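Undergrad: Take this sequence and fold it.
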Amino acid sequence: MNEGVNGVALAVFVFFFLVVTAMGFLAARWRKAANEHSLDEWGLGGRSFGTWVTWFLLGGDLYTAYTFVAVPAAIYAAGAAGFFAVPYTILVYPLIFTFLPRLWSVSHKHGYVTTSDFVRGRFDSKGLSLAVAVTGILATMPYIALQLVGIQAVLDVMGVGGGQDTNWFVKDLPLLIAFGVLAAYTYSSGLRAPALIAFVKDALIYIVIVVAIIYIPVKLGGFDEIFASAREAYSETNPATGKPRGALVPGEAGQWTYATLAFGSALALFMYPHSITATLSSRSREVIRRNTTILPLYSLMLGLLALLGFMAIAAGVKVQNGQLAIPQLFENMFPAWFAGVAFAAIGIGALVPAAIMSIAAANLFTRNIYKDFIKPDATPRQETKVSKIVSLLVKVGALAFVLTMDKTVAINFQLLGGIWILQTFPALVGGLFTRWFHRWALIGGWAVGMIYGTVAAYGVASPTQKHFGGSAKEIPGIGEIGYIGLTAFVLNVLVTVVLTFVLRALKAPEGIDRTRPEDYTADAGEPGVRTELPAATAGSAH
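TA: Residues are numbered from 1 along each chain as shown. Reported below is the predicted structural model:
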């Protein structure tokens, strides 16, 4: 790793950071709302974004700084197994094409801001709504923290903040400044800020990837040389495990892990609150449908991005922390000014999703904890104020998490968050198509999935830690190693189905369905019913 501060790269990084900071504050004037004191306006951008704004917002939301750093880092460390992120982003778009337009329609019709709003309206259950809200907040917090890990990787490679012996405040000051500014313009502009900044973020990422995929292989002698170097490096024995470091092609033993991780991750991706927040900000269901067809362009970018892991090996990058591999590759291979552009892409790639995630978590707390359990008569102005304050607290919590704990802890909790958030799938997606599941059965299935997933993940060890060392374990009854989250999800569904039969046989009260079948296909321009709806007859959406 280079010593000292890369002045040119730092100057370019600071320039782009100042540009997006100005855009963040100016975003409050962009599409200015008649009434800015409502969660519809602050937390969902007025539900007014068209196809391209939504595309950039969802791209900025899903393809984060940590994606930029972690996907090629996984390739760098272990080989082709790290490519699981590419197939799962391909699988996810046909899946969301089936249910996101329905979620948008019913949310538009009733003024739902969060998934928990929908769950409560559909199943008439504050308990189930609370379970979904708490799961969403818990899963989002470490995700925000990982955006900090991405920024820290860039700052470390640029030499900013001093060495390991530097006073902690001086060392972390650049990070504190970055997230202080992020907190300020998110508080001021709400979802409009990351929506506007996403244009810059995605443009920079596409430029960096296109240049990197052409320029770096030319300097390294072509892809033949790159793959040959990678094959040789992966054949070396890892002293911690006594096994080869990795492989260019996943071995037969790892195929179940690869497939279940990709499929489970695809199911989980749009359960995250920030994914839904970006979705509900669009102005029509047709915008959502169009986005599911053009978002795969990001998967193409992700596949190219993953190849950077092989390039880092061929370029001789040696780092103790794999998260530094790609920033260090850029530092070594690019001219200083373009390395600054690449670092800015990663840094801004952290700010956009972190802003959306904090807004989404704040909306969940405000609508489904504060309003449901603390102050039921809260006005829209009070809701907005509470959400703004909570968005700040969420960022402070994520910052404290990263600054006080080892980075691997943040990574492990993010893996655990993926297991947790998948357990909300039956209530959310199941509820969009049928009301057959009993509300108490959904709570029971959720609890079993959460407990099994947490306990199983706790029992996974790695060469460096005793607990939460990974997200794969033997699948009961099959004997193959698979993704814990998917196993927990299957148990969740089985328990939900069995309990539904039992509870229906006992004639347990089902509550009132406040949605109607036509709500799930409603589009913009049709009269909204909003939240306080006269009770509709319980039944299926069909």
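Undergrad: quick one, longest helix in the chain?
TA: Counting by DSSP state H, the longest helix found in the chain is helix 126-158.
Undergrad: buried stuff in that one?
TA: Buried residues in helix 126-158, counted by 16 or more other C-beta atoms under 10 Å: 126, 128-158. To be clear about C-beta, it is placed using only N, CA and C from the backbone, and glycine gets the same treatment.
Undergrad: Likewise for stretch 45-58?
TA: Neighbour-count burial for stretch 45-58, counted by 16+ other C-beta under 10 Å, picks out 45-49, 51, 53-58.
Undergrad: Need the residues you listed in a markdown table (columns: pLDDT, secondary structure and distance to residue 424).
TA: Output for those, formatted as a markdown table (pLDDT from 0 to 100; DSSP: H, G, I helix; E, B strand; the rest coil; distance: C-beta to C-beta, whole Å):
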| residue | pLDDT | secondary structure | distance to residue 424 |
| --- | --- | --- | --- |
| 45 | 87 | helix | 24 |
| 46 | 85 | helix | 26 |
| 47 | 88 | helix | 22 |
| 48 | 86 | coil | 27 |
| 49 | 90 | strand | 24 |
| 51 | 90 | helix | 27 |
| 53 | 89 | helix | 27 |
| 54 | 90 | helix | 23 |
| 55 | 89 | helix | 25 |
| 56 | 87 | helix | 26 |
| 57 | 88 | helix | 22 |
| 58 | 88 | helix | 19 |
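Undergrad: separation between residue 446 and residue 257?
TA: 25 Å (C-beta to C-beta, to the nearest Å).
Undergrad: Residue 224 now?
TA: Distance of residue 224 to residue 257, given as C-beta to C-beta: 29 Å.
Undergrad: neighbour count winner among these two?
TA: More crowded of residue 224 and residue 257, by other C-beta atoms under 10 Å: residue 257, with 21 against 10.
Undergrad: Tell me who's in contact with that one.
TA: Shown in contact with residue 257 (C-beta atoms under 8 Å, 6 or more residues apart in numbering): 81, 472, 481-483.
Undergrad: switch the cut-off to 6 Å
TA: Shown in contact with residue 257 (C-beta atoms under 6 Å, 6 or more residues apart in numbering): 472, 481.
Undergrad: and what of the one 5 residues further on?
TA: The contact partners of residue 262, taken as C-beta under 6 Å, 6+ apart, are 84, 87-88.
Undergrad: Not counting residues beside it along the chain, what's closest to residue 194?
TA: Nearest in space to residue 194, with sequence neighbours left out and distances taken as C-beta to C-beta, 6 or more residues apart in numbering, is residue 355 at 4.1 Å.
Undergrad: Please apply the same query to residue 484.
TA: Among residues not flanking residue 484 along the chain, residue 456 sits closest, at 4.7 Å (C-beta to C-beta, 6+ apart).
Undergrad: rewinding a little: what packs against the longest helix of the chain?
TA: helix 65-78, helix 115-123, helix 325-333, helix 336-365, helix 380-404, helix 407-422, helix 439-458 (3 or more C-beta pairs under 6 Å, 6 or more residues apart in numbering; DSSP states H and E).
Undergrad: in the longest one, what's buried?
TA: Same thing as helix 336-365. Applying 16+ other C-beta under 10 Å to helix 336-365 flags 338-365 as buried.
Undergrad: Below-threshold pLDDT in the chain: ranges please.
TA: The model of the chain has pLDDT under 70 over residues 1-3, 31-36, 161-171, 240-241, 406-410, 525-542.
Undergrad: Could you state which residue of it sits nearest its centroid?
TA: The residue lying closest to the centre of the chain (C-alpha atoms, centre = their mean) is residue 62, at 5.4 Å.
Undergrad: Of the contacts of residue 262, which is the most crowded?
TA: When neighbours are taken as other C-beta under 10 Å, the top entry among the contacts of residue 262 is residue 84 (25 neighbours).
Undergrad: my guess is residue 468 contacts residue 412, does it?
TA: Yes - the criterion here is C-beta atoms under 6 Å, and residue 468 meets it with residue 412 at 4.0 Å.
Undergrad: and residue 444, what does it touch?
TA: Each residue near residue 444 by C-beta under 6 Å, 6+ apart is listed here: 495, 499.
Undergrad: For residue 482, which three-state class applies?
TA: Following DSSP: H, G, I helix; E, B strand; the rest coil, residue 482 is assigned to strand.
Undergrad: Make sure it is actually in contact with residue 258.
TA: No - assessed by C-beta under 6 Å, residue 482 is found out of contact with residue 258, at 9.5 Å.
Undergrad: the more surrounded of these two?
TA: Using other C-beta under 10 Å, the more surrounded residue of residue 482 and residue 258 is residue 482, with 24 against 21.
Undergrad: what's across from the more buried one in the sheet?
TA: In this entry, residue 482 is beta-bridged to residue 473, by DSSP bridges.
Undergrad: picking up where we left off before, what angle do helix 380-404 and the longest helix of the chain make with each other?
TA: Between helix 126-158 and helix 380-404, the angle comes out at 50 degrees (axes from the mean of the first three to the mean of the last three C-alpha atoms, to 10 degrees).
Undergrad: next structured bit after helix 126-158?
TA: Note on helix 126-158: by DSSP states H and E, the next helix or strand toward the C-terminus is helix 168-189.
Undergrad: how many other residues sit next to the nearest residue to residue 388 once chain neighbours are set aside?
TA: Closest residue to residue 388 apart from its sequence neighbours, by C-beta to C-beta, 6+ apart: residue 187 at 5.2 Å. Using other C-beta under 10 Å, residue 187 has 18 other residues around it.
Undergrad: I'd guessed residue 187 sits against residue 387; true?
TA: No - contact criterion C-beta under 6 Å: residue 187 and residue 387 do not qualify, at 9.9 Å.
Undergrad: What separation is there between the closest residue to residue 188 other than its chain neighbours and residue 194?
TA: Using C-beta to C-beta, 6+ apart and skipping residues adjacent in sequence, the residue nearest residue 188 is residue 28, 5.3 Å away. According to C-beta to C-beta, residue 28 stands 13 Å off from residue 194.
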